[in-house]
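Undergrad: I need the structure of the sequence given here:
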Amino acid sequence: MNFLQALFLGVLQGITEFLPISSSAHLVLAPFFFGWQIPDEQIFPFDVLVQVGTLVAVIVYFRKDLISILTEVIQGLVKRQPFVSSSSRLGWLLVLASLPAGIAGILLKDVVEAAFKSPTSVAFFLIGTALLLWIAESIGKRNRDISSLGWLDAIWIGIGQALALFPGISRSGATIASGMSRHFNRPAAARFSFLMSIPVMAAAGLIGLIDLLEVPDLAAFLPIMITGFLSAAGIGYLSIHWLLGFLARRSLRPFAVYCLLLATITLIFSYAGL
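TA: Below is the predicted model of the structure:
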């Protein structure tokens, strides 16, 4: 991997992590379309590190919310009233929503890693994302805000996040769609989606750092990794801001159409041997 590839993939990660079009799919398909032969021992740690870049973006963007949540959770534990405030309650619901993906990640690790090596599998998962987005827009009443979130909602949205372990199932798309299927409005579903991404991305980042230490010639590869990290963080911050504004006025259907088109192009390339 060279600097230009790292910069391109970092920007791509920053754009697609929060837009409901699957960042993992784009990180698999970009080398496939361009014919880049990037060694597995580089691409997997790199993918995780640029994901950490977008983790930094979401933490910085929602820093006031996170400070409020952490403060209220600690105060609730000290007072032995962990669910008394809205921020404390939201914090515990975020923990609950993170459990399905954590369990699935442990049980399905080998299956998920195999899917990352198959552009055809990614294409079919992209079709799944398109269906999720379209169904959510069709059945969601969009009459609830985040203050009405309950434990059943958190588990349901968490299952959506577990599905997104597979490349092509957009994490933001699956979780926003899951929230909208529970009749949350788009901005509320997106806000909870972004906040609940933090524990999962942090856990993946820790695992990725362990893999990073095993990369051959790490000292020479580190500047390239940092390029991807910084570009993903900066673009990711802008993507969050843009998407929240977009969802306040418009639907998810354009993203569903994009996922379907990308899947179609991928299948054509795969089966035509291009």
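Undergrad: Any idea how many residues pack against residue 202?
TA: The criterion is other CB atoms under 10 Å. On that basis, residue 202 has 14 neighbouring residues. In short, each C-beta sits where N, CA and C put it, glycine included.
Undergrad: Can you list the low-confidence ranges for this protein?
TA: For the chain, applying pLDDT under 70 flags the ranges 113, 115, 211-212, 215-216, 218, 273-274.
Undergrad: residue boundaries of the helices in it?
TA: Residue ranges of the helices in the chain, as given by DSSP state H, are 3-16, 23-34, 40-61, 63-78, 86-107, 109-115, 119-139, 151-163, 171-181, 186-212, 218-247, 253-272.
Undergrad: which one of the ones you listed lies closest to residue 145?
TA: With CB to CB as the measure, helix 186-212 is the member of these nearest residue 145 (4.7 Å).
Undergrad: ok and the closest one relative to helix 218-247, angle-wise?
TA: Using axes from the mean of the first three to the mean of the last three CA atoms, to 10 degrees, one finds that helix 186-212 and helix 218-247 are set 170 degrees apart in direction.
Undergrad: Packing partners of helix 186-212?
TA: Secondary structure elements in contact with helix 186-212, counted by 3 or more CB pairs under 8 Å, 6 or more residues apart in numbering; DSSP states H and E, are helix 40-61, helix 63-78, helix 86-107, helix 151-163, helix 171-181, helix 218-247.
Undergrad: Please identify which of those is closest to residue 11.
TA: helix 218-247 (5.0 Å).
Undergrad: helices and strands around that closest one, which ones?
TA: Packing contacts for helix 218-247, counted by 3+ CB pairs under 8 Å, 6+ apart, involve helix 3-16, helix 40-61, helix 186-212.
Undergrad: any idea how far residue 76 is from residue 82?
TA: Applying CB to CB, to the nearest Å, one obtains 4 Å for the distance of residue 82 from residue 76.
Undergrad: Residues that sit against both of these two, list them.
TA: Both residue 82 and residue 76 are contacted by residue 88, under the criterion CB atoms under 8 Å, 6 or more residues apart in numbering.
Undergrad: Redo the helices and strands packed on helix 186-212 as JSON lines? Include mean neighbour count and distance to residue 254.
TA: Shown next, in JSON lines, are the helices and strands packed on helix 186-212 (neighbours: other CB atoms under 10 Å; distance: least, CB to CB, whole Å):
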{"stretch": "helix 40-61", "mean neighbour count": "21", "distance to residue 254": "21"}
{"stretch": "helix 63-78", "mean neighbour count": "15", "distance to residue 254": "27"}
{"stretch": "helix 86-107", "mean neighbour count": "18", "distance to residue 254": "26"}
{"stretch": "helix 151-163", "mean neighbour count": "21", "distance to residue 254": "20"}
{"stretch": "helix 171-181", "mean neighbour count": "28", "distance to residue 254": "12"}
{"stretch": "helix 218-247", "mean neighbour count": "18", "distance to residue 254": "9"}
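Undergrad: Export these as a markdown table, with columns for distance to residue 135.
TA: As requested, these are arranged in a markdown table below (distance: least, CB to CB, whole Å):
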| stretch | distance to residue 135 |
| --- | --- |
| helix 40-61 | 26 |
| helix 63-78 | 29 |
| helix 86-107 | 19 |
| helix 151-163 | 12 |
| helix 171-181 | 7 |
| helix 218-247 | 17 |
